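Participant: 3D model of this:
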Amino acid sequence: MRSIAIPKFYSIWQHQLMQQIPDRCDSRLTNMIWLMMGIFQSRSVQLNLIARKLPIRAKKLSLVTRLRRFLDNPGVRVRDWYRPVAKQLIQAAGSAGSVRLIIDASKVSFGFQLLMVAIAYRGRALPLAWTWVGYRKGHSTTHKQLALLSYVRSLLSENLSVSLVGDCEFGRPLLLEYLDSWGWTYALRQPGDHLVMTKQVGRWRRLDSLLAVSNVPLWLGPVLLTQTNAYPTNLVLFWR
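Facilitator: Below you'll find the predicted structure:
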């Protein structure tokens, strides 16, 4: 991309966004393009670093203020603007009839986490939808996870085969029940202190008590997970 001059880079994104974003406000589209260009050039999401890379004759402080006002503008409908991009990503990744989704949460800033659903594509995780969790530590609620996944589901065509992977934060029985009803397959990690009941042993046992050999997977098949909310699912144990 270094061979593309700034004016040409601007015109490329202007042409692209004019076709995709359902907004006819020239100033909002212009600020969006400057923001994208600054992120690309600076390889950062910090506004002061982005402002340094913008080819605009203005003081850095005023550029930062301009970008911050754009980001705070209620007229910028993030989900509506990004929906065409998300559908393009799904179309490209799902050309073979299946897609692999990743759900994850990351700490952002001092008091927030970013909850995101991404699509796995050529070794990368490309974001489809995201939302904020208003606390620094702890797990997001199943209700918030389902709301985010339900929106992503609305982007998918009915003929796509969908699989979902995630950490132990996303392995609650209620979520598994919804995924089964949608026809999705999933691989979601479970905490070692969760209790399960197998067909062979009719009592509840901790997961971390069932595997004694490292680096050897153990397939348990159908189990009930957990004692508090017993739900039938398949379980494979692996301890590295």
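Participant: Now do the helices in this structure.
Facilitator: Secondary structure of the chain by DSSP state H: the helices cover 6-20, 26-42, 47-52, 60-72, 78-93, 142-155, 173-182.
Participant: Would you mind finding the most buried of the ones you listed?
Facilitator: helix 47-52 (a mean of 18; mean count of other Cβ atoms under 10 Å). All C-beta spots, glycine's among them, are computed from the backbone N, C-alpha and C.
Participant: other SSEs contacting that one?
Facilitator: In this structure, helix 47-52 packs against helix 26-42, helix 60-72, with contacts taken as 3 or more Cβ pairs under 8 Å, 6 or more residues apart in numbering; DSSP states H and E.
Participant: Alpha carbons of the lowest-mean-pLDDT helix or strand in the chain, in CSV - could you do that?
Facilitator: Across the helices and strands of the chain, mean pLDDT, DSSP states H and E gives its lowest value to helix 6-20, namely a mean of 79. Taking Å, rounded to 0.1, in the frame of the first residue of the first chain, the C-alpha atoms of helix 6-20 are listed here in CSV:
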residue,chain,number,x,y,z
ILE,A,6,-2.6,9.8,-0.1
PRO,A,7,-5.0,11.5,-2.5
LYS,A,8,-5.5,8.2,-4.4
PHE,A,9,-5.9,6.3,-1.1
TYR,A,10,-8.6,8.8,-0.1
SER,A,11,-10.4,8.5,-3.4
ILE,A,12,-10.4,4.7,-3.2
TRP,A,13,-12.0,4.7,0.2
GLN,A,14,-14.4,7.5,-0.7
HIS,A,15,-15.7,5.4,-3.7
GLN,A,16,-16.0,2.3,-1.5
LEU,A,17,-17.8,4.0,1.4
MET,A,18,-20.2,5.9,-0.9
GLN,A,19,-21.5,2.5,-2.0
GLN,A,20,-21.7,0.8,1.4
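Participant: what sits up against that helix?
Facilitator: The set of residues external to helix 6-20 that reach it, using Cβ atoms under 8 Å, 6 or more residues apart in numbering, is 1, 4, 29, 32-33, 36-37, 55, 81, 84-85.
Participant: Pipe these into a markdown table and attach pLDDT and distance to T65 per row.
Facilitator: Listed next are these as a markdown table, based on pLDDT from 0 to 100; distance: Cβ to Cβ, whole Å:
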| residue | pLDDT | distance to T65 |
| --- | --- | --- |
| M1 | 46 | 28 |
| I4 | 54 | 28 |
| L29 | 87 | 19 |
| M32 | 89 | 16 |
| I33 | 89 | 18 |
| M36 | 89 | 18 |
| M37 | 89 | 18 |
| P55 | 83 | 18 |
| W81 | 89 | 22 |
| P84 | 90 | 29 |
| V85 | 90 | 27 |
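Participant: what's the closest of the residues you listed to W219?
Facilitator: When those are ranked by distance to W219 (Cβ to Cβ), V85 comes first, at 39.1 Å.
Participant: residue contacts, the closest one?
Facilitator: Q20.
Participant: Return the distance of it relative to I21.
Facilitator: To I21, V85 is 9 Å away according to Cβ to Cβ, to the nearest Å.
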